[in-house]
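Participant: coordinates for the following, if possible.
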Amino acid sequence: SAEMIEKDSAETYLNEVDAIVVPGGFGNRGVNGKISAIKFARENKIPFFGICLGMQASVIEYARNVLDYDSAHSTEMNPESSYPVIDIMEEQKKVTNMGGTMRLGSCACELKKGSIAHAVYGADRIDERHRHRYEFNNLYLNDFEKSGMKATGINPETGLVEIVEIPSHPWFVGVQFHPEYKSTVAHPHPLFVSFVKAALKNKS
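Facilitator: From the prediction side, this is the model:
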């Protein structure tokens, strides 16, 4: 529970884990615990997989603790943030029906060669399913790229960031989409397979 980490510390609960996954969600509940867990994974080189809000939390954590943007946040949780590294797209802000602002369904994503994602998929372009409202704020993309967090998956139509990675980390991947929607017991999603392999390698 991310709320337990908020009350205590990430090290208390995660000190002996082999990998950390932070899944999706909505709202402020437990978000600081998620950010603490991601910081622990990043600093201790523990394989990390962030999905949707988990990816967004990894961006917030990196902004705060690497870029020194202390007040960085998502405008979902803090509309007054001085560093809204996660935000609603400009064209969505005038939509009053919340359902209408969500990015739903399958979207294309172009992968950067040399990335974990490109190696995992074995393709230059993929399609994945979405269900979210907030996005990586591209106003800060250069800051992230220069400091070591790379955008390795980009929507070719909108320029939105779909995947982030930290190349200096053994396995650190955040995805804006939901790979679990296309994963089954018989055919697990390749990102999950790669993540588990990274966990096993870390364990050994």
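
Participant: how about the helix or strand of the chain with the lowest mean pLDDT: buried residues?
Facilitator: Among the helices and strands of the chain, strand 103-111 carries the lowest confidence by mean pLDDT, DSSP states H and E, at a mean of 84. Applying a neighbour-count criterion of 16 or more other Cβ atoms under 10 Å, one finds 103, 107, 109-111 buried in strand 103-111. Yep, even glycine has a C-beta here, placed from its N, CA and C like the rest.

Participant: just the CA trace of it, in CSV.
Facilitator: The C-alpha atoms that make up strand 103-111 are tabulated as CSV, following Å, rounded to 0.1, in the frame of the first residue of the first chain:
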residue,chain,number,x,y,z
ARG,A,103,-7.6,9.8,-24.1
LEU,A,104,-9.2,6.4,-24.7
GLY,A,105,-8.5,3.5,-27.0
SER,A,106,-5.5,2.5,-29.2
CYS,A,107,-2.9,5.0,-30.1
ALA,A,108,0.3,4.7,-32.2
CYS,A,109,3.7,5.1,-30.6
GLU,A,110,7.1,5.4,-32.3
LEU,A,111,10.0,3.9,-30.4
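
Participant: now for it, which elements pack on it?
Facilitator: If you count contacts as 3 or more Cβ pairs under 8 Å, 6 or more residues apart in numbering; DSSP states H and E, strand 103-111 packs onto helix 116-121, strand 125-132, strand 150-154, strand 161-165.

Participant: now do the strands in this protein.
Facilitator: In the chain, the strands defined using DSSP state E lie at 20-22, 48-51, 73-74, 84-87, 103-111, 125-132, 135-136, 150-154, 161-165, 172-175.

Participant: of all those strands, which lies closest to residue 6?
Facilitator: For residue 6, the closest of the strands of the chain is strand 20-22, at 13.5 Å, according to Cβ to Cβ.

Participant: helices and strands around that closest one, which ones?
Facilitator: Counting contacts by 3+ Cβ pairs under 8 Å, 6+ apart, strand 20-22 packs against helix 31-43, strand 48-51, helix 53-65.

Participant: if you set the cut-off to 7 Å instead, what comes out?
Facilitator: Judged by 3 or more Cβ pairs under 7 Å, 6 or more residues apart in numbering; DSSP states H and E, the packing partners of strand 20-22 are helix 31-43, strand 48-51.
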